[in-house]
Structures are given as C-alpha cells and as structure tokens.
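Undergrad: Would you be able to build a 3D model of this:
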Amino acid sequence: MKQIIALSLGPFEGIPNSYQEKPLDVGNASSRLVEIISNTYTFLSLVGGIMFILYFAIGALNWVSSGGKQEQIEKAKKMMTDAAIGLIIIAVSYPIIYIISSVLGLNILHPEELIPQIGPT
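TA: Here you go, the predicted structure:
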C-alpha cells in the first residue's frame with residue numbers, strides 16, 4: 001500500500017492585500033530587489049569570465065595544433081581576439097551602466113532609492 005506524504009507549505013507571504021494583516025514592507029522589497037540585481041550581475045560576470053577562459057584556451061589549443069596552416073592560425077587568432085573583446089565588455093559594463101544612468105537622470109545601479117517613490121504619496 002502506498003503512503004502519500006503531504007507537507008504544508010504554510011501561508012503565502014509577500015502577497016499584498018492577500019492573506020496578510022500587515023502591509024507589504026517596501027524597504028524589505030527594495031533591498032531584496034537590489035540583492036537580486038547584484039547577484040544577477042555577479043553571476044553573469046562569473047559566467048562571462050569562465051567563458052573567456054574556455055574560449056581563449058580553445059583558441060590557443062587550435063593555434064598550437066594548427067600545424068602551421070595559415071587558415072587555422074587566423075581562425076584561432078579570431079577566437080582569442082573575440083574572447084578578449086568579450087572580457088573587455090564585461091569589465092566595462094558597470095561604468096557604461098553608470099554613465100547611462102547619469103545621463104538619463106536615473107539611478108539604475110541603486111533601484112532601492114527609487115522604489116519608495118513609486119507608491120502613493
């Protein structure tokens with residue numbers, strides 16, 4: 001005979017005007033959003049760095065194993081150059097976001113300061 005195990009997930013939390021007596025804490029939500037953006041940026045930077053290492057290493061191995069064939073050497077050089085360009089883009093992405101946010105008058109890198117202004121006054 002099979003036994004079915006049921007676990008209670010508990011009440012839903014964080015849903016405004018639903019199953020809650022107290023209002024949603026905007027300060028908590030904004031700090032969570034900042035954490036999500038920061039973690040996303042960090043994760044994508046790490047993935048990009050790992051991809052740089054792999055792509056650059058594959059290009060280097062292709063160059064070494066080209067046997068002097070000019071076509072394969074050029075292909076390997078292009079792979080290594082593309083990897084370096086990708087790494088430069090990753091490194092410059094934060095200042096680019098900062099410049100764009102300054103020009104537009106937005107605070108993209110610190111959205112926790114904008115969220116309280118969204119609600120009713």
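
Undergrad: What pLDDT does the model give residue 20?
TA: Here the pLDDT value assigned to residue 20 is 49.

Undergrad: likewise residue 108?
TA: 65.

Undergrad: just the one 10 residues further on next, same as before
TA: Residue-level confidence at residue 118 comes out at 61, pLDDT.

Undergrad: Now for this protein, the helix or strand with the poorest mean pLDDT.
TA: helix 115-118 (a mean of 62; mean pLDDT, DSSP states H and E).

Undergrad: which residues in this protein form helices?
TA: Applying DSSP state H to the chain gives helices spanning 26-64, 70-104, 115-118.

Undergrad: so residue 83 sits right up against residue 56, yeah?
TA: Yes - Residue 83 is within contact range of residue 56, at 4.1 Å (criterion: CB atoms under 8 Å). C-beta coordinates here come from the backbone N, C-alpha and C atoms, glycine included.

Undergrad: picking up where we left off before, reformat the helices of the chain as JSON lines; add mean neighbour count.
TA: Conversion of these to JSON lines gives the following (neighbours: other CB atoms under 10 Å):
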{"stretch": "helix 26-64", "mean neighbour count": "13"}
{"stretch": "helix 70-104", "mean neighbour count": "13"}
{"stretch": "helix 115-118", "mean neighbour count": "10"}
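
Undergrad: Tell me where the model's unsure across the protein.
TA: Low-confidence regions of the chain, defined by pLDDT under 70, span residues 1-35, 37-38, 105-121.
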